[in-house]
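no sequence on hand, only this structure:
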């Protein structure tokens, strides 16, 4: 739609970056970047379908099965099914399925063979085999992403419903394609949408960006917000509940004052 196209930015691709260069020059910028030519060992050629099938064997895994490539974790447009790992790998590599749960074109997604799933930490997405397209959005553009909790309601970022999500075009879209051997740095809080171009295997490596005391000690898997953020959200919820005691006109006025105060005291303007 003319005049309503989002701004698209290609994620920087850098080759030959050393650990020291990353920590000194790239990491402090808090922006995604693709690192090329990293030494990943033999996994990029060794991890074939046959090799993976034998590596994990018949261990049962719970997978997502969907009729479409874009799995929506809000509306849950998928079903959970269980398969032996070797059977899952064989099916996932097929274009058309002889055996299936929903249809011969169904798509499979295995989040992890382990249980250590993290959400609010810095992350290296390592593309071992296959090819992915990754679209990312800065945390600064959260007001345009129509969030429900930590997830965006806009499932199809390529063809968003602009009648339903008119502000989405204001979000700056960062995009890259990952080939086997590429490593994508995703800073904590950045939203990302991943589409696999073909069958592939990726690894995630997470680490804490903030001091250890900033995190909930009972949060084994890094799924919770930092403790200070959780407390702030609780205080905000109580403040909003208190505003409900006022008539609508007053509630609107004081809520707008609260928003302006948050913008003045807490917003930053040097990233995104």
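Perfect, I can see it now. Model, not experiment: these values are computed from the prediction.

contacts, neighbours, all on C-alpha from now
Will do.

surely residue 125 and residue 183 touch.
Yes: between residue 125 and residue 183 there is a contact under Cα atoms under 8 Å: 5.6 Å.

so these two - more neighbours on which side?
Neighbour comparison, residue 125 and residue 183: the larger count goes to residue 183, with 25 against 18 (by other Cα atoms under 10 Å).

from residue 202, how far out is that one?
10 Å (Cα to Cα, to the nearest Å).

residue 63: how many residues sit nearby?
20.

wait, it touches residue 101, no?
No: with contact defined as Cα under 8 Å, residue 63 does not count as touching residue 101 (11.4 Å).

around residue 19, how many other residues sit close by?
8.

same question, residue 249
Neighbours of residue 249 (other Cα under 10 Å): 8.

buried sites along the helix or strand it falls within?
When elements are assigned from DSSP states H and E, residue 249 belongs to helix 248-266. Neighbour-count burial for helix 248-266, counted by 16 or more other Cα atoms under 10 Å, picks out residue 251.

how about the contacts made by the residue nearest the centre of the chain?
Geometric centre of the chain, nearest residue: residue 192, 3.7 Å, by Cα atoms, centre = their mean. Residue 192 makes contact with 134-137, according to Cα atoms under 8 Å, 6 or more residues apart in numbering.

so what's it bridging to?
residue 136 (DSSP bridges).

what about it, distance to residue 69?
Counting by Cα to Cα, the gap from residue 192 to residue 69 is 15 Å.

coming back round to it: give me the distance from the helix holding residue 249 to the chain's centre.
Mean-position distance between helix 248-266 and its chain equals 30 Å (Cα atoms, centre = their mean, to the nearest Å).

same thing with stretch 204-221?
17 Å.

which residues touch it?
Residues outside stretch 204-221 that contact it (Cα under 8 Å, 6+ apart) are 116-118, 121-126, 188, 224-228.
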